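*Asks:* coords please:
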Amino acid sequence: MVDSQPVLRLRMLWLPTRASAERLETMQIEFSLNQRGQGEMSMAEIAWATGNIQQALAELPPIVPAKVRRKVESLLQPWPQGRYTSAYQRSGGILNLFTPPWGEAQDEIWHKMLAEWRAQTFPDEQARRAALAELEQRWNNTPHPFFAGLTPAQVMVGGGEQEAKLATEFLDLLSRRFSKTQFESEGDMLVKTLILLRGWQVEARVKGRTPQQIILAERTELLNRRARLLAEKSQ
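*Replies:* A predicted model of the protein is given here:
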């Protein structure tokens, strides 16, 4: 006889800092937005295709806490027209789970781009603004070292099913490796965690691809899917 009763499985994770635990919650919500489940479209796809966030939110089970609903609604908001500054507040997925919080003030890539724009001479204000708009789009699509090589656009779109599985794999590895280890400090924990992550993400696996390559490809495909749905919506 097969026991059909529901089973509660508890999964304990070891994380080096409180900040990484908070970012983990955001990362998992981002993953859920791109999961199709039994439906034909994910919540993110519904929002992109219809522009109706409430329709996307209707996909959430009633049991989901109000706090999580508010976070989902925030993540489903339309992206900025210019520079994707909201990327500073996204998780960046498993590749960025343990990086310290930072924002525009620390963004040397953007400050360098902006300095180059300010040093140019433009025939008029319209040309000046057009050049700035082009610069913002270039930043959106430039691999960024502070995002572990993801572009801000790839950060904005969130991770998909493959990254969610890879994240679970790495977090389980991390817990097995360090849950009983004694560390000198929080900084020591963080450094050793990052060393383990950076080594894991470049290990070749299925078809010779690394986790980093799989994640980049999947996020690029999600961006392409978003572009198609937005283009269809505007027709």
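*Asks:* so where's the longest helix in this protein?
*Replies:* The longest helix of the chain (DSSP state H) is helix 211-234.
*Asks:* and that helix, what does it pack onto?
*Replies:* In terms of contact count using 3 or more C-beta pairs under 8 Å, 6 or more residues apart in numbering; DSSP states H and E, helix 211-234 is assigned the packing partners helix 43-50, helix 152-157, helix 161-178. No exception for glycine: its C-beta is placed from N, CA and C like everyone else's.
*Asks:* now with 10 Å?
*Replies:* helix 43-50, helix 152-157, helix 161-178, helix 186-200 (3 or more C-beta pairs under 10 Å, 6 or more residues apart in numbering; DSSP states H and E).
*Asks:* buried ones in that helix?
*Replies:* 211, 212, 214, 215, 216, 218, 219, 222, 223, 225, 226, 229 (16 or more other C-beta atoms under 10 Å).
*Asks:* any idea of the mean pLDDT in it?
*Replies:* For helix 211-234, mean pLDDT rounds to 96.
*Asks:* so where's this protein uncertain?
*Replies:* Within the chain, the ranges that satisfy pLDDT under 70 run 1-11, 38-39.
*Asks:* picking that back up, turn the buried residues of helix 211-234 into CSV, columns for distance to residue 184.
*Replies:* Supplementary listing: the buried residues of helix 211-234 in CSV, determined by distance: C-beta to C-beta, whole Å:
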residue, distance to residue 184
211, 28
212, 29
214, 34
215, 31
216, 34
218, 37
219, 35
222, 40
223, 41
225, 45
226, 44
229, 49
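*Asks:* which one of those sits closest to residue 139?
*Replies:* Of all those, the one sitting nearest residue 139 is residue 223; the distance, using C-beta to C-beta, is 15.2 Å.
*Asks:* give the closest residue to the closest one in space, chain neighbours not counted.
*Replies:* residue 157 (5.2 Å; C-beta to C-beta, 6 or more residues apart in numbering).
*Asks:* for the buried residues of helix 211-234, which one is nearest residue 89?
*Replies:* Residue 89 has its nearest neighbour among the buried residues of helix 211-234 in residue 219, at 17.0 Å by C-beta to C-beta.
*Asks:* hang on, that closest one packs against residue 156?
*Replies:* Yes: the pair residue 219 and residue 156 qualifies as a contact (C-beta atoms under 10 Å) at a distance of 9.3 Å.
*Asks:* now do the shared contacts for those two.
*Replies:* Shared contacts of residue 219 and residue 156 (C-beta atoms under 10 Å, 6 or more residues apart in numbering): residue 150.
*Asks:* thinking again about what came up before, what angle sits between the longest helix of the chain and helix 43-50?
*Replies:* If you take axes from the mean of the first three to the mean of the last three C-alpha atoms, to 10 degrees, helix 211-234 sits at 30 degrees to helix 43-50.
*Asks:* got the CA coordinates for helix 211-234 in CSV?
*Replies:* Taking Å, rounded to 0.1, in the frame of the first residue of the first chain, the C-alpha atoms of helix 211-234 are listed here in CSV:
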residue,chain,number,x,y,z
PRO,A,211,27.3,26.3,-14.2
GLN,A,212,28.2,29.9,-15.1
GLN,A,213,27.7,29.2,-18.8
ILE,A,214,24.4,27.5,-18.2
ILE,A,215,23.2,30.4,-16.0
LEU,A,216,24.2,33.0,-18.6
ALA,A,217,22.6,31.2,-21.4
GLU,A,218,19.3,30.7,-19.5
ARG,A,219,19.1,34.3,-18.5
THR,A,220,19.8,35.4,-22.0
GLU,A,221,17.0,33.1,-23.3
LEU,A,222,14.6,34.7,-20.6
LEU,A,223,15.6,38.1,-21.9
ASN,A,224,14.9,37.1,-25.5
ARG,A,225,11.5,35.6,-24.4
ARG,A,226,10.7,38.9,-22.7
ALA,A,227,11.6,40.9,-25.8
ARG,A,228,9.3,38.7,-27.9
LEU,A,229,6.4,39.1,-25.6
LEU,A,230,6.8,42.8,-25.3
ALA,A,231,7.0,43.1,-29.1
GLU,A,232,3.9,41.1,-29.6
LYS,A,233,2.0,43.1,-26.9
SER,A,234,2.9,46.4,-28.7
